[in-house]
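> generate coordinates for the sequence data below:
(2 chains)
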Amino acid sequence: MADFRFSEIDQQILDKVVEVGNSTQGFTRYYEDHEHETPPDRLEGERGFEEVFPLFGQRRPDDTPMMTFMMAVSIARGSARGVVRGLGLAMPMGRASGLGNAALQSAGTPEQKAKWGDLFLAMSITEPNVGSDTKAIQATAHLDGDEWVLNGDKIFVTDGVKCDGAIVWATIEKTAGRAGIKSFLVLKGTPGFDLVRQERKLGIRASDTAAYAFRDCRIPRDALLGGDETVPKEGGSAGYKGVMKTFNMTRPAVASGGVAKARGALEFAKEALAKEGVEVDWSRSFNQRSAVEQKLIEMEADTEAAALTVLHAAWLSDKRRPNNLESSVCKAKGGEVCRTIPQGAMEVLGGMSVSHDHLIEKYLRDGRITDIYEGTGQIQRLIIAREILGYSSEELT
Amino acid sequence: MIDFDLTEEQAMIRESLQGFAREALAPQARAVDEAGEVPDAVIRQGWEFGLIAAAIPEQYGGGGGERSCMTNAVVLEALGGGCASQGVAIMAPGQFVGALIDFGTQEQQAEHLPRFAGAEPAFASLALQEGQFGFSAGALRTTATRKGNGWVLDGEKRLVPLGDRAGHFLVLAREDDGAQAFIVPRDAPGVTVTPESGTMGLKPVSQAKVTLEAVELPGSARLGGDAGIDAGKLVNQARIGACAMAVGLSRQATDFAIPYAKERVAFGEPIAKKQSIAFMLADMHIECEAMRWMVWKAASLLEHGDPGAAKACVLAQDYVRRKSVKIADDALQIFGGHGFIRDLPLEMWLRNARTLTVLDGPVSV
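Residues are numbered from 1 along each chain as shown, chains lettered A, B, ... in the order given. Predicted structure coming up:
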């Protein structure tokens, strides 16, 4: 039965997540200014997720399914004002929570999962000249004896500094396009694998972003994720599709990060305006509202709509139903509100919102990436358009 | 707990009504719109589904089913996906019936509900709208004043759906500082019903001006008796009802534009292969989804009497108000000049979307 209410315990968890997330507010600006400085494991007064975890034990099995609830948790967590650790997506589930781990889980062989499952793995796809059009990847891998030899440059590797290794995309046959692309697990410390630099960014500064260079980097033959060395003549290879499937799981999570920043900015604005005596009167009809009230209502409606598309995509995945289209829908919405809502929140707050005295400008900077990584809003629309029009990726480019 | 599934029953109703909308309502939508009148036959056909009777208690001859705002949202979305005007003509009496079930005293229910329990169409209308621009249900000009044990109603209600057919009106009037609802027989002295001049959208739905001049009513005319009603809830049910229809309409317009964009060739290829059109369609799809969840959430919270329901209704209405009109408008744009010509339904959908999202009503969840 359609229902949109959180159970009492779930609501308690969500509230607690925000409370805990707010506990390090006093340090947030410091780590913005010192962006490559890693905060200690525990800051003064920092409350940890050990306060939250026990509450999970009180959830009933017939409560909101797990993936769906974790998206709500992620939205709550990302909306908080404290120091963000990592990307701030979902809960820290141990170290093995990198994007590469998701790829390993969806495309790796059982042996590979057993061997590398405990490592913290980044995902390394993007190149200086290749972004969303992943089939144009230039990095190469060729088999030499019982080893693969990797060559190429990679950028924008999330967690690329902190990770133990990365899942690296490279082509084993350039002329084959998408079919030739395979993913390889490369461990830190492998000769020929260099960490070139750590990027300086507009936002999400707590998450490190690295550039890699591979120069005749030799890795074992079984480092090819999924183990399929063949290059199919037509259509995408199983390996490519396997890795693309990763994104059906990660797009809602990334979208939740955008919704989180929208919600955080909105809550900040509502709270700050309430102190100035400006509050939405929910009983007033459209033409009786002030411009600021209407703006706040629109922002809340947009944020809510985006949140519901995220929950829906995750819920489909909980129910083991296809969610490719819905993942793109929610990513497009998350990417939209991460931009429009913090921008709008600053607009209603006025001049002081730019000051480093306040955290509101951080929401704009942190949120902005959501419409870029894991497929820009434009790529999501392309995916959606192909799906609803019944066009292949060759027919609609 | 969060759940996006319909009940088995809701899924069944949805499927059969989508079929009805596709096969019976949609094909004649243009002809009905041009004629400016909804045929009795289709209202009869719609009533055969027993949509309004389903939630009437068995003791009054109804189906005895659950009174569910969520089910009504599903029903209205499905009908709105065929033809909003015909859907309104079938479901408008549900506003009266739903209010009686939610708020009516036993006597009021016993007196009125049996008329709506059969497969034979029966008519009664919610009279909400008034003539002033900037109308707000929170600031009604129609008044109800106590006189002895009874009431006197004065004022003018506008755009009352199916006012020409209604046997009774449920008139929302200001009583002291709040709004209350009064059951007014059409033939009560002082009641004058005249046709409206016509409306931009929902054109075939006959709408009436109901003038109330010192209309004297017995004490029993006040819906809910001494307890009265939660007028905010009543109005929100009407707002979300119209929104649910607008969601169906938006989906219909999107699904109509998709095949056309693939057929229509410009500069050597289908316009759907141009990103300006493809992205427009993608956005239409995205917002159809988002709007539906907003409306479902509002309807579901209303049904459960959740404290967050009123706010969810404001948010859903605001969202649907912006997005459904944009979708209908974009669908028209994709058809270019053809969208402007009255042979195709595009211009009709734009008129209907705008109408559904400025009126509070004419159907309720």
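> gap between the residue located most distally from the centre of chain B and B:Gly131?
What lies farthest from the middle of chain B is B:Gly268; by Cα atoms, centre = their mean that is 43.5 Å. Noted for B:Gly268: a distance of 54 Å to B:Gly131, by Cβ to Cβ, to the nearest Å. Just so you know, the C-beta spots here come from the backbone N, C-alpha and C atoms, and that holds for glycine as well.
> what do you get for B:Tyr260?
Taking Cβ to Cβ, one finds B:Tyr260 at 40 Å from B:Gly131.
> same check, this time on A:Tyr363
Remark: distance between A:Tyr363 and B:Gly131 (Cβ to Cβ) = 45 Å.
> compare neighbour counts for these two and give me the winner.
Just comparing A:Tyr363 and B:Gly131: by other Cβ atoms under 10 Å in any protein chain shown the higher neighbour count belongs to A:Tyr363, 30 against 12.
> leaving out the residues flanking it, which one is nearest to that one?
A:Ala265 (3.9 Å; Cβ to Cβ, 6 or more residues apart in numbering or on different chains).
> same thing with B:Ala242?
B:Leu356 (4.6 Å).
> kindly report the same for B:Glu66.
Closest to B:Glu66 by Cβ to Cβ, 6+ apart is B:Ala55, at 6.7 Å.
> surely that neighbour and B:Met70 touch.
No: B:Ala55 lies out of contact with B:Met70 (Cβ atoms under 8 Å); the separation is 11.7 Å.
> okay, these two: which has more neighbours?
Neighbour tally, B:Ala55 and B:Met70, criterion other Cβ under 10 Å: the higher count belongs to B:Met70, 26 against 22.
> residues in contact with the more buried one?
Each residue near B:Met70 by Cβ atoms under 8 Å, 6 or more residues apart in numbering or on different chains is listed here: A:1-2, B:6, B:10, B:296, B:299-300, B:303, B:365.
> the residue nearest to B:Ala242: neighbouring residues, count only.
The local packing of B:Leu356 (other Cβ under 10 Å) involves 31 other residues.
> hmm, it is touching B:Met245, no?
Yes: when contacts are counted by Cβ under 8 Å, B:Leu356 is listed as touching B:Met245 (5.5 Å).
> what sits in contact with each of those two?
In contact with both B:Leu356 and B:Met245: B:80, B:84, using Cβ under 8 Å, 6+ apart.
> what's the pLDDT at A:Ile341?
Listed pLDDT for A:Ile341 reads 98.
> ok, now A:Gly86?
63.
> next: B:Gly361.
The predicted local confidence for B:Gly361 is 83.
> figure out the helix or strand that it lives in.
Under the criterion of DSSP states H and E, B:Gly361 resides outside all helices and strands.
> now do the SS call for the closest residue to B:Val152 other than its chain neighbours.
Of all residues beyond its chain neighbours, the one nearest B:Val152 is B:Thr145 (4.9 Å), with distances taken as Cβ to Cβ, 6+ apart. For B:Thr145, the assignment made with DSSP: H, G, I helix; E, B strand; the rest coil gives strand.
> repeat for A:Val149
Secondary structure of A:Val149, per three-state DSSP, is strand.
> got the domain ranges for chain B?
The record's domain parsing of chain B by automatic domain parsing lists B:8-121, B:125-227, B:231-356.
> nearest to A:His34, out of these?
Between A:His34 and the domains of chain B, the shortest separation by Cβ to Cβ is 38.9 Å, and it involves domain B:231-356.
> for the closest one, what is the distance to the chain centroid?
Once both centres are worked out by Cα atoms, centre = their mean, to the nearest Å, domain B:231-356 turns out to sit 15 Å from its chain's centre.
> do the same with stretch A:32-45
21 Å.
> endpoints of it, how far apart?
With Cα to Cα, to the nearest Å as the measure, stretch A:32-45 spans 19 Å from end to end.
> swap in stretch B:85-96?
18 Å.
> also stretch B:297-312?
With Cα to Cα as the measure, the first residue of stretch B:297-312 is 7 Å from its last.
> who touches that stretch?
In contact with stretch B:297-312 (Cβ under 8 Å, 6+ apart) are residues A:2-5, A:282-283, A:304, A:308, B:68-70, B:72-73, B:232-233, B:236-237, B:240, B:243-244, B:294, B:313, B:315-317, B:365.
> now that stretch: average pLDDT?
Here the average pLDDT along stretch B:297-312 is 97.
> quick one: low-confidence ranges for the chain?
Because you didn't say which chain, this covers chain A. A:86-97, A:234-248 (pLDDT under 70).
> ah, I was thinking of chain B
For chain B (pLDDT under 70), the answer is none.
> returning to what we had before: what's the separation between the residue nearest to B:Ala242 and A:Lys362?
Taken as Cβ to Cβ, the span from B:Leu356 to A:Lys362 is 40 Å.
> picking that back up, most tightly surrounded among the domains of chain B?
domain B:231-356 (a mean of 22; mean count of other Cβ atoms under 10 Å in any protein chain shown).
> next SSE after the helix ranked longest in chain A?
Determined from DSSP state H, the single longest helix within chain A is helix A:238-275. Using DSSP H and E, the helix or strand that follows helix A:238-275 in sequence is helix A:291-318.
> quick one: that following helix to helix A:238-275, angle?
Helix A:291-318 runs at 150 degrees relative to helix A:238-275, counting by axes from the mean of the first three to the mean of the last three Cα atoms, to 10 degrees.
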